[in-house]
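[1] Here is a sequence with its predicted model. Questions after.
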Amino acid sequence: MMIENYIRDIQDFPKKGILFKDITPLLNDPKAREECLKLLVTDLKVEKIDVVVGAESRGFFFGMLIAQELNAGFVPIRKPNKLPAETISASYALEYGTDSLEIHTDAIKKGDRVLIHDDVLATGGTAKAMCELVESLGGEIVQVNFLMEIEFLRGRDKMKDYPVFSVLKY
């Protein structure tokens, strides 16, 4: 099955000049979704993962499925002021602006083995901020994985300290 056939290109979204990779056709097809999940967890079956961390919001889709598959907890990392308990935050640059992320201060325990998941690795800002949050709470990052990687944006350069896996590369 060709997972890339379930990714739709949307030109000029969220702003002019951006080619958005829409994963909703993939999410809508049970067989494609299952195949994608299998690819995301194949190398992780031999690892002990305590917690899967997913970025708001598209990292939640497969993040939850990965956590279920690996019998691990799931921790959402969200945009500011979306989490109800005490949080810490990290700021980052996007290919089209800046933003910040937050995590509950009690979400990761010292020594937890953590898989970080997001839908796309672009400039690497989001992923790097997620790594900073996890490590500041004492988590050990086992892998940072993505459904897609936009290679020309060189986000992997910011992830040199971590094992990185991407199902699709554009």
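    That came through, no problem. Residues are numbered from 1 along each chain as shown.

[2] Show the pLDDT at the residue nearest in space to the middle of the chain.
    With distances taken as C-alpha atoms, centre = their mean, Asp118 lies nearest the centre of the chain, 1.4 Å away. With respect to pLDDT, Asp118 has a value of 97.

[3] wait, it sits on Gly59?
    Yes. In terms of C-beta atoms under 8 Å, Asp118 counts as a neighbour of Gly59; the distance is 4.1 Å. Using the backbone N, CA and C atoms, a C-beta is placed for each residue, glycine as well.

[4] ok, back up a step: do you know how far the residue nearest to the centre of the chain is from Ile77?
    Per C-beta to C-beta, to the nearest Å, Asp118 is found 9 Å from Ile77.

[5] and for the two, which residues touch both?
    With contacts defined as C-beta atoms under 8 Å, 6 or more residues apart in numbering, the residues shared by Asp118 and Ile77 are Gly54, Ala55, Gly59, Met130.

[6] Show me which residues of stretch 70-80 are buried.
    Buried positions in stretch 70-80, judged by neighbour count with 16 or more other C-beta atoms under 10 Å: Leu70, Ala72, Gly73, Phe74, Val75, Pro76, Ile77, Arg78.

[7] now, which of the residues you listed lie within strands?
    Judged by DSSP state E, the subset of the buried residues of stretch 70-80 located in strands is Gly73, Phe74, Val75, Pro76, Ile77.

[8] for the helix or strand where Val144 lies, packing partners?
    For Val144, the element it lies in under DSSP states H and E is strand 140-149. Taking 3 or more C-beta pairs under 8 Å, 6 or more residues apart in numbering; DSSP states H and E as the contact definition, the neighbouring helices and strands of strand 140-149 are helix 30-41, strand 113-121, helix 125-136, strand 164-169.

[9] what lines up beside it in the sheet?
    Partner strands for strand 140-149, per DSSP bridges, with pairing direction: strand 113-121 (parallel), strand 164-169 (parallel).

[10] I'm done for today, thanks for sticking with me.
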